[in-house]
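> Sharing a model prediction with you, sequence too.
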Amino acid sequence: MKKALSFLLSVIICVTSFAMPAFYTQAQEKGPDDAIAFVNNPYYEGREIASGGTDAVTSSSAVSTYNNVKYYGRGKELYKDIRNKLENRSKTFDVHFLSTGKYTTENALRNLVDDFFMNATDDSVSDSCTDGDYLRWQVGGMGILIGNLDYSKNGYYYYTFSMISLYYTTAEEEKEVNAVVNNFVASLEKKKLSDYEMMKEIHDFICNKTTYDLYYDQRYYDDYNFSAYGALVLGRCVCQGYALAFYRICKELGYKVRFVSSDPNEGCHAWNIVQLNGKYYFVDCTWDDTDKKENNYAPDYKYLLVDYDELRSLDSSLNEHTLYDYYYDDAYFNKNYKNYLSDETYDPNDTSLISNYTVSLSNTSYTYNAKAICPTVTLTNSDGANLVKNTDYTVSYLNNTDTGKAYVSISGIGEYSGTSKRGYIINPPKMSAITVDGANRTSTSLVLEWKKPSGSVTGYQLQRYTNGQWITVKTITSATTLKYKITGLSPACTYKFRIRAYKNVSKRTLYGSFGNTYTTCTKPKAVSVSSLSTKAKAVTVKWKKVKCSSYQIQYSTSSSMNGAKTLSVSPSSTSKKISKLKKGKKYYFRIRAVKKRTLGSKSYNYYTNWSSKKSITVK
């Protein structure tokens, strides 16, 4: 069917001509054609389906070190390392692999690439809303460019594989997706909605954002059609884009959700399953959207939260909505998903289901206070009546004692059944004031210091007030970095700074409040005595002008400046005559500049170092 054309069917392997020892040579061009083995996106024709499945990654990686490099065997640590590099959209990266066998055949390399990719994108190692299924169907291809056997000992082989990956979207384009999702999720979190209404909001948002592109306008048929970027930013995609967008938003909101597909040789279609009340229902935004736009009517949610039989009832002989057994008939999927598929379509009018009640929290955004934060939960039915806590439902809280995303879990009791979950934000606390490392204050730089706030944070945002606005001068990505050197400043100038902590949660950044504005200044530029002259028991000291509040001149008959006298001179002066000196006596002179800053009733002076001394014998 035209609705079901051309989504990312499966992961496949294409291997270039292979002969040892070509495996150990550097490819001249870093592209798929130079790869020894390449996992390719299958909307290119004539490819073979990969051998990997979706079994859970259960074991930890064996680990060993050689030349201060850690090598990981098959297991969670290895696959998560690869996953993180794919999620960051790294085009090339190294995998340090600890193997119990050698890689000398074509089939061994094919299987290794497949193992790396399939397990790195497996649902069982998913930690965020942009890995797992989302990552698996956004990687255009992954392969081995070169490989090297670094070392072997006791039956273990230490390999370094130089990998290449291609993607449907760039890291910058994914940031655009994140911005769209974050804005939409923030708007939902402020609304009082039931889980059913939440699903409708997500469904409608995606359908209103995009158009099924392959059918409506083939001029733009490209990689973006297979991405959430196509759905949420460009407004055009095929079924894969719809399903990835739904997956991405549901995961951000804390729902359990999967991207699922049919047999690529028959139905060739993608859609989702999502959990409500402990059961999984099917959602197909693509078919609801194309039905609506082809027939010019408002959506009737034919494919929103339906059961398996209902979903397939309108299929053609191609079985567009039959789960592809190759991916969805293994022990992991059956245990965690297929065994919980609902046997009936969701009933939004069932008053016994907690998921049909509007959920509102007393607040959705808090500031960390080193205590458990527990917003009040209110459940309301369509008539405006509230359910009673501990009589009709119970609540429990998750992750609510630290900064980040916290959740309240709601469970029905008595005549009410099912569960619901809502998220709220615990922002980092307000930062304490910035200080300056006085020992490292110069005329063109300042070393700013601050204290780590309570609660976990990712880093800090440091800003400077410039030309009437606050400008970020540095985003510090480590919570343990508590100082930063600002360079390129002007001598004897006053500056204002402020800082706040932030925490990265999934693809959202949570900011604390800025600490109090810190006002400080640089030292004046160094000044030196340019000349001395003497006449009639007096010495005239000269220097070149620098920007400052005043100068100080110090003189003494001792080269160590013992018993020195100090004179203050106006900032407009470039010379000073010092009289009543002893004739025939040798005097030593030095000078420094002063920057005075007044803050309220207090004044602060910042001095340059004393200049080198010059001497003269008084006439």
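Sure thing, it's come through.

> Around residue 372, count how many other residues there are.
Counted with other CB atoms under 10 Å, the neighbours of residue 372 add up to 10. Placement of C-beta: from N, CA and C, glycine included.

> how far away is it from residue 397?
Distance of residue 372 to residue 397, given as CB to CB, to the nearest Å: 7 Å.

> Stretch 531-545: end-to-end distance?
End-to-end distance for stretch 531-545: 13 Å, by CA to CA, to the nearest Å.

> just the helices in the stretch 51-200 of the chain please.
According to DSSP state H, counting those that start in this stretch, the stretch 51-200 of the chain carries its helices in the segments 76-87, 106-120, 132-136, 171-189, 195-209.

> hang on, residue 334 is in a helix, isn't it?
Yes - under DSSP: H, G, I helix; E, B strand; the rest coil, residue 334 falls within a helix.

> In a helix, residue 346, correct?
No - under the criterion used here (three-state DSSP), residue 346 is coil, not part of a helix.

> Neighbours of it, how many?
When neighbours are defined as other CB under 10 Å, residue 346 has 25 of them.

> Buried residues, stretch 89-104. List them.
89-90, 93, 95-99, 103 (16 or more other CB atoms under 10 Å).

> which ones among those are found in strands?
Among the buried residues of stretch 89-104, DSSP state E puts 93, 95-99 in strands.

> which stretches of the stretch 101-250 of the chain have low pLDDT?
The stretch 101-250 of the chain contains residues with pLDDT under 70 at 214-221.

> again, only using 90
104-111, 113-114, 118, 139-143, 145-147, 166, 189-191, 212-225 (pLDDT under 90).

> With the stretch 501-619 of the chain instead?
506-507, 597-604, 619.

> For it, which segments count as strands?
Here the stretch 501-619 of the chain has its strands, by DSSP state E, counting those that start in this stretch, at 508-511, 518-521, 529-535, 538-543, 550-556, 565-569, 575-578, 586-599, 602-607, 614-617.

> so can I have CSV of those showing distance to residue 258 and mean neighbour count?
Listed next are the strands of the stretch 501-619 of the chain as CSV, based on distance: least, CB to CB, whole Å; neighbours: other CB atoms under 10 Å:
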stretch, distance to residue 258, mean neighbour count
strand 508-511, 22, 16
strand 518-521, 49, 17
strand 529-535, 78, 14
strand 538-543, 76, 18
strand 550-556, 72, 20
strand 565-569, 77, 13
strand 575-578, 82, 15
strand 586-599, 59, 19
strand 602-607, 62, 12
strand 614-617, 81, 15
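
> Residue 272 is nearest to which of those?
strand 508-511 (21.6 Å; CB to CB).

> Listing partners with orientation, what would you give for the closest one?
strand 494-505 (antiparallel) (DSSP bridges).

> Buried ones in the strand it pairs with, by neighbour count?
495, 497-503, 505.

> List just the nearest of those to residue 401.
Nearest member of those to residue 401, counting by CB to CB, is residue 503, at 13.9 Å.

> Show me what the closest one is bridged to.
residue 510.

> That one touches residue 453, doesn't it?
No - contact criterion CB atoms under 8 Å: residue 503 and residue 453 do not qualify, at 10.3 Å.

> how much space between the nearest residue to residue 487 once chain neighbours are set aside and residue 126?
In space, and not counting its chain neighbours, residue 487 is closest to residue 445: 4.6 Å by CB to CB, 6 or more residues apart in numbering. Applying CB to CB, the value for residue 445 to residue 126 is 45 Å.

> who has more neighbours, those two?
In terms of neighbours (other CB under 10 Å), residue 126 is the more surrounded of residue 445 and residue 126; the figures are 18 against 14.

> Was I right to think the more buried one contacts residue 132?
Yes - counting by CB under 8 Å, residue 132 is a contact partner of residue 126 at 3.2 Å.

> one step back: quick one: which of the buried residues of strand 494-505 is nearest to residue 539?
Closest to residue 539 out of the buried residues of strand 494-505 is residue 495 (37.5 Å), distances taken as CB to CB.

> contacting residues for the closest one?
By CB atoms under 8 Å, 6 or more residues apart in numbering, the contact set of residue 495 is 446, 464-465, 486, 489, 519-522.

> Ok, residue 435 next?
By CB under 8 Å, 6+ apart, the contact set of residue 435 is 448-450, 518.

> so what's it bridging to?
Beta-bridge partners, per DSSP bridges, of residue 435: residue 449.

> what about it, distance to residue 516?
When residue 435 is compared with residue 516 (using CB to CB), they lie 11 Å apart.

> With residue 207 instead?
47 Å.

> Okay, the residue positioned nearest the centre of the chain and residue 489: tell me how far apart.
With distances taken as CA atoms, centre = their mean, the residue of the chain nearest its centroid is residue 507 (4.6 Å). Relative to residue 489, residue 507 is positioned 35 Å away (CB to CB).

> try residue 222
Following CB to CB, the distance that separates residue 222 from residue 489 is 48 Å.

> neighbour count winner among these two?
Ranked by neighbour count (other CB under 10 Å), residue 222 and residue 489 place residue 489 first, with 17 against 13.

> Quick check: that one touching residue 445?
Yes - using CB under 8 Å, residue 489 is in contact with residue 445, at 6.1 Å.

> Who are the contact partners of residue 185?
Counting by CB under 8 Å, 6+ apart, residue 185 makes contact with 249, 252-253, 508.

> So which of these are in helices?
249, 252-253 (DSSP state H).

> what about residue 257, neighbour count?
Other residues close to residue 257 by other CB under 10 Å number 25.

> err, residue 78, not the other one
Residues lying near residue 78 (other CB under 10 Å) number 26.

> which residue packs closest to residue 444, ignoring adjacent ones?
Distances taken as CB to CB, 6+ apart place residue 489 nearest to residue 444, at 5.2 Å, with adjacent residues excluded.

> who touches that neighbour in this structure?
The contact partners of residue 489, taken as CB under 8 Å, 6+ apart, are 443-446, 495, 522.

> Let me see the ranges of the strands in the stretch 251-400 of the chain.
So, for the stretch 251-400 of the chain - with DSSP E, counting those that start in this stretch - the strands run 257-261, 270-276, 279-283, 304-306, 358-361, 365-367, 377-380, 393-398.

> which other residues reach the second one?
Under the contact criterion CB under 8 Å, 6+ apart, strand 270-276 has outside partners 7-8, 137, 195-196, 199, 239-240, 242-243, 246-247, 250, 255-262, 280-287, 303, 305, 321, 337, 340-341, 346, 355, 418.

> What of stretch 530-548?
490-493, 524-529, 551, 553, 555, 571-572, 574-583, 587, 589, 591, 593-595, 614-619.

> how about 6 Å then?
If you take CB atoms under 6 Å, 6 or more residues apart in numbering as the criterion, stretch 530-548 is touched by 491-492, 524-525, 527, 529, 553, 571, 574-579, 581, 583, 589, 591, 593-595, 614, 616, 618-619.

> Same check on stretch 611-619?
With CB under 6 Å, 6+ apart, stretch 611-619 has contacts from 528-529, 532, 534, 539, 581, 583, 585-586, 588-591.

> So what would you say the end-to-end distance of it is?
24 Å.

> swap in stretch 426-436?
Per CA to CA, stretch 426-436 runs 30 Å from first to last residue.

> Ok, stretch 443-458 next?
Start-to-end, stretch 443-458 (CA to CA) is 32 Å.

> can you list contacts of it?
Contacts to stretch 443-458, defined as CB under 6 Å, 6+ apart, come from residues 368, 370, 402-403, 428-429, 431-432, 434-437, 440, 479, 482-487, 489, 491, 499, 501-504, 522-523, 525.
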